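Visitor: fold the stuff below for me.
(one chain, ligands or ions: 2)
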Amino acid sequence: MVFAMGERAQAFLDVSGVSSGYNRVPIVKNVSIQVALGEIVLIMGPNGAGKSTLIKAITGELPALTGHVSIDGVDVTSMGEEDRVNHGIGYVPQSKDVFPPLTVQENIEMGGYGFKGKDLKDREEEVFALFPQLLTSRRRAARTLSGGERKMLGIARALMARPRLLILDEPTANLAPLIAEKVLQGIVAGGAGAGRAVLLIEQRVSLGLEVASWGYILTDGQLKLDGSAEELRAIPDLGKLFLGRGTAGPVLSGSSGSSQ
Ligand SMILES: Nc1ncnc2c1ncn2[C@@H]1O[C@H](COP(=O)(O)OP(=O)(O)O)[C@@H](O)[C@H]1O
Ligand SMILES: [Mg+2]
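Guide: Ligands and ions are numbered 1, 2, ... in the order given. Model prediction:
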């Protein structure tokens, strides 16, 4: 690591020496990252670097071959996905984050499964306040929404459970810049702004570093660099050096090598 990490707040999510992959072949190797409550932490890296694989090892979709994942001091490494959700993980995958045939309202209700009455209504109001444009589409099937609205719905659905840790895999992929900004604003307000820990994979490095406090760069399944957003923004050729592109500026990604 190039930068000292001493000044960071105590971790809520603590990933320590995690290797993970498919069919016991490690793709992600010995990765350690931390996210504190109230903080947005960014993971950057070129397509195929293993960002989604790392996230799956955190959510429990993939087992860790080495290392540990802790949430709020509890080791969840051997727990399945549902148990980790009960420990506070909310996950917005890159695709399959909504049920396309169901309406906006039904998707949101599914996110609030298990909650009832006034509690459920309060939660609904909370997420509609975050993304008011979902209110006007309340009765529409999710499959008829624009890409931006659909992503807002995916985030709203995850937030219904009021997760303490919100994990988002490339939420702005394929979105026009203004829409991407709106989606990120919702993540800031409903995530870190609401005291949650947020782990964000983001292709728009400049935009991401504006909202994040800390960033990690992953290449070939390994951490190459990490630092405060301020430190990373000051690196002139960040994109060129680590992310396999000409500039560190906003990039319309949509190019995800895998659709994971
Ligand atoms: N389901 C899978 N089975 C086998 N290999 C996979 C699978 N998904 C992704 N991979 C491989 O893992 C590597 C990292 O992929 P991924 O974590 O999706 O990268 P990123 O999210 O950074 O683009 C790639 O080489 C990819 O081909
Ligand atoms: Mg990915």
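
Visitor: confirm residue 157 sits in a helix?
Guide: Yes - according to DSSP: H, G, I helix; E, B strand; the rest coil, the state of residue 157 is that of a helix.

Visitor: going forward, begin numbering at 10 instead of 1
Guide: Renumbered: residue one is now 10, and that last one reads residue 166.

Visitor: identify the residues contacting it.
Guide: 106, 107, 116, 117, 119, 120, 136 (Cβ atoms under 8 Å, 6 or more residues apart in numbering). Where C-beta positions appear, they are placed from N, C-alpha and C, glycine not excepted.

Visitor: quick check: closest non-adjacent residue to it.
Guide: Nearest residue to residue 166, sequence neighbours excluded (Cβ to Cβ, 6 or more residues apart in numbering): residue 120, at 3.5 Å.

Visitor: follow-up on the earlier one: by neighbour count, which of the contacts of residue 166 wins?
Guide: Ranked by the number of neighbours (other Cβ atoms under 10 Å), those place residue 107 first, at 27 neighbours.

Visitor: thought the residue nearest to residue 166 was touching residue 168?
Guide: Yes - counting by Cβ atoms under 8 Å, residue 120 touches residue 168, with 7.3 Å between them.

Visitor: what touches both of these two?
Guide: By Cβ under 8 Å, 6+ apart, residue 120 and residue 168 have these common neighbours: residue 136.

Visitor: quick one: the helices in the stretch 110-259 of the chain?
Guide: With DSSP state H, counting those that start in this stretch as the criterion, the stretch 110-259 of the chain has helices at 113-120, 126-139, 156-168, 186-199, 214-220, 238-242, 247-251.

Visitor: out of those helices, which is the most enclosed?
Guide: Highest mean neighbour count among the helices of the stretch 110-259 of the chain (mean count of other Cβ atoms under 10 Å): helix 156-168, with a mean of 24.

Visitor: so which bits of stretch 223-230 are buried?
Guide: Neighbour counts using 16 or more other Cβ atoms under 10 Å place 223, 224, 225, 226, 227, 228, 230 of stretch 223-230 among the buried residues.

Visitor: who's the third one bridged to?
Guide: Going back to what we said before, that points to residue 225. Beta bridges link residue 225 to residue 52, residue 235 when assigned by DSSP bridges.

Visitor: quickly note the distance from it to residue 60.
Guide: 9 Å (Cβ to Cβ, to the nearest Å).

Visitor: now do the second one
Guide: Residue 224 is 12 Å from residue 60, where distance means Cβ to Cβ.

Visitor: shared neighbours, those two?
Guide: Taking Cβ under 8 Å, 6+ apart as the contact criterion, the common neighbours of residue 224 and residue 60 are 52, 53.

Visitor: number of nearby residues for the residue of the chain found nearest ligand 2?
Guide: Per Cβ to the ion, residue 61 is where the chain lies closest to ligand 2, at 3.2 Å. The tally of other residues near residue 61 (other Cβ under 10 Å) stands at 24.

Visitor: residue 252 is in contact with residue 214, correct?
Guide: Yes - counting by Cβ under 8 Å, residue 252 is a contact partner of residue 214 at 6.6 Å.

Visitor: quickly list what's touching both of the two.
Guide: Shared contacts of residue 214 and residue 252, counting by Cβ under 8 Å, 6+ apart, come down to residue 53.

Visitor: pretty sure residue 207 contacts residue 175?
Guide: Yes - at 4.9 Å, residue 207 counts as touching residue 175 under the criterion of Cβ under 8 Å.

Visitor: now list whatever residues contact both of those two.
Guide: Contacts common to residue 207 and residue 175, judged by Cβ under 8 Å, 6+ apart, are 196, 200.

Visitor: okay, now residue 46: neighbour count?
Guide: Residue 46 has 18 nearby residues by other Cβ under 10 Å.

Visitor: please, which helix or strand holds it?
Guide: Residue 46 is part of no helix or strand when elements are defined by DSSP states H and E.

Visitor: stretch 21-38 and ligand 2, any residue contact?
Guide: No - Stretch 21-38 stays clear of ligand 2 (Cβ under 5 Å from the ion), getting no nearer than 11.1 Å.
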